[in-house]
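Q: Sequence first, predicted model second:
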Amino acid sequence: MNKKFVYAALGLSIIVGSSYVILSSNYTETKSAAIKTASSEPKVSYKVSDEELSQAAKEIGEINDEKMLFTRMMEMTFQKLEWKDHKFQIPGTIVEKRIQMTKGNIQYIKERTKSIEVTENKEHILDKWTTGDFNSIEKDFREIRDSLSPGNDKYNPENGPAKRAEESEKEYIQHFFGDDGLEQHNKQWK
């Protein structure tokens with residue numbers, strides 16, 4: 001009787017073990033195929049129109065040198081950043097102009113980098129922004145600021161900029177760019 005029980009248990013173990021191996025290898029193959037399919041699909045990117053580039057040229061103006069390039073990039077970061085207790089103001093600065101963070105404006109600035117002499121390439125930042133990656137906007141801001149003001153090591157995270165919440169960013173856009181700006185933002189960055 002014990003022998004039959006041992007053989008039955010051994011047979012059952014083999015069946016369960018084999019089923020597990022077969023099913024798990026099939027799952028791995030299916031998962032691998034799904035990953036390959038997802039990664040091979042081309043990413044659809046937003047195509048900036050000639051009209052948007054023309055509008056960006058009007059809003060941003062001519063960029064003749066690296067300093068102007070970095071200044072315009074920094075002005076765009078203000079939409080994504082806020083300073084504690086300063087709503088729409090940037091402490092210690094007089095900002096005469098605000099530039100909306102639009103795909104057209106980013107593309108226009110990217111194109112201008114090719115027509116001027118640049119000692120510090122910030123195209124990697126523009127590339128991130130083009131895809132909607134603003135996860136490290138505070139770091140991007142500091143990198144641009146440090147290029148404009150080398151040796152400015154007084155950064156204090158407690159008083160420094162923090163990424164705006166989505167609702168705060170929409171208030172900023174509404175305040176500076178109105179309903180048209182908000183509509184453009186919602187269309188491009190959904």
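A: Looks like it arrived, so ask away.

Q: Mind checking which residue lies nearest the centre of this structure?
A: Asp133 (0.8 Å; Cα atoms, centre = their mean).

Q: What ranges does this structure have for its strands?
A: Along the chain, the segments classed as strands by DSSP state E run 81-82, 162-163.

Q: Pick the most buried one from those.
A: Ranked by mean neighbour count under mean count of other Cβ atoms under 10 Å, the strands of the chain are led by strand 81-82, which reaches a mean of 20. To be clear about C-beta, it is placed using only N, CA and C from the backbone, and glycine gets the same treatment.

Q: Dihedrals phi and psi, the residue nearest to the centre of the chain?
A: phi -90, psi 100 (degrees, to the nearest 10).

Q: now Pro91
A: phi -60, psi 140.

Q: Surely it and Lys84 touch.
A: No: at 9.0 Å, Pro91 does not count as touching Lys84 under the criterion of Cβ atoms under 8 Å.

Q: can you list the strands of the chain in CSV and add mean pLDDT and distance to Val95?
A: Formatted as CSV, the strands of the chain follow (pLDDT from 0 to 100; distance: least, Cβ to Cβ, whole Å):
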stretch, mean pLDDT, distance to Val95
strand 81-82, 92, 12
strand 162-163, 92, 18
